[in-house]
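# I would like to see how this sequence folds:
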Amino acid sequence: MELTRNMEDYLEAIYALSKEKGCVRVKDIAHRLSIKSASVSEMLRKLDKCRYVECVKYGNIALTSKGELVGKTVMVRHETIKAFLKIIFVPEDVAERSACTIEHNLEAETIEQLTKFVKFVGAYDMHPMWLEHFEVYCRTGKIPKCRYE
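Down below sits the predicted model:
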């Protein structure tokens with residue numbers, strides 16, 4: 001069975017919850033994804049069948065190494081996209097929602113370049129001059145003159 005976007009969302013949520021809480025239960029996943037516990041249980045059966053998770057009835061849910069790899073990958077994609085969107089002055093809540101949508105649709109090469117860009121910009125204590133110019137442009141709609149002209 002091929003991984004769907006929905007399955008990736010579950011694996012990302014389980015991965016994040018396992019890092020935050022140590023153990024993950026159906027109710028934690030339901031709360032994180034804002035869905036009913038019955039829906040979580042149904043998806044967990046599918047993920048278990050595909051060997052992405054291991055479930056103990058009325059107990060904890062653990063990712064297999066295969067599931068952990070997918071969960072971590074999706075979470076890193078999400079965080080990278082969100083960081084990029086925040087760099088270009090997208091408001092936090094919009095960046096969060098947009099990252100959830102975009103994270104499933106980008107090629108690995110695109111994510112790799114976005115990761116490099118986010119790290120590059122983050123390496124500076126201050127915004128680079130061009131980013132300050134972009135911020136002015138976003139606020140005013142006018143492209144500022146370069147100080148070096």
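
# specify the local secondary structure of Lys145.
coil (DSSP: H, G, I helix; E, B strand; the rest coil).

# one more: Lys142?
Strictly by three-state DSSP, Lys142 counts as coil.

# ok, now which ones touch it?
Shown in contact with Lys142 (CB atoms under 8 Å, 6 or more residues apart in numbering): Val136. For glycine as for every other residue, the C-beta is placed from the backbone atoms N, C-alpha and C.

# against Leu131, how distant is it?
From Lys142 over to Leu131 the distance is 16 Å, taken as CB to CB, to the nearest Å.

# repeat for Leu47
On the measure of CB to CB, Leu47 and Leu131 end up 41 Å apart.

# more neighbours: those two, which one.
Neighbour comparison, Leu47 and Leu131: the larger count goes to Leu47, with 24 against 15 (by other CB atoms under 10 Å).

# model confidence for the more buried one, exactly?
Here, the pLDDT recorded for Leu47 equals 96.

# contacts only, for it.
Contacts for Leu47 were tallied using CB under 8 Å, 6+ apart; they are Met7, Tyr10, Leu11, Val53, Gly67.

# okay if I get those residues as a markdown table plus pLDDT?
Converted to a markdown table, the contacts of Leu47 look like this (pLDDT from 0 to 100):
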| residue | pLDDT |
| --- | --- |
| Met7 | 96 |
| Tyr10 | 96 |
| Leu11 | 97 |
| Val53 | 96 |
| Gly67 | 97 |
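
# great, nothing more from me.
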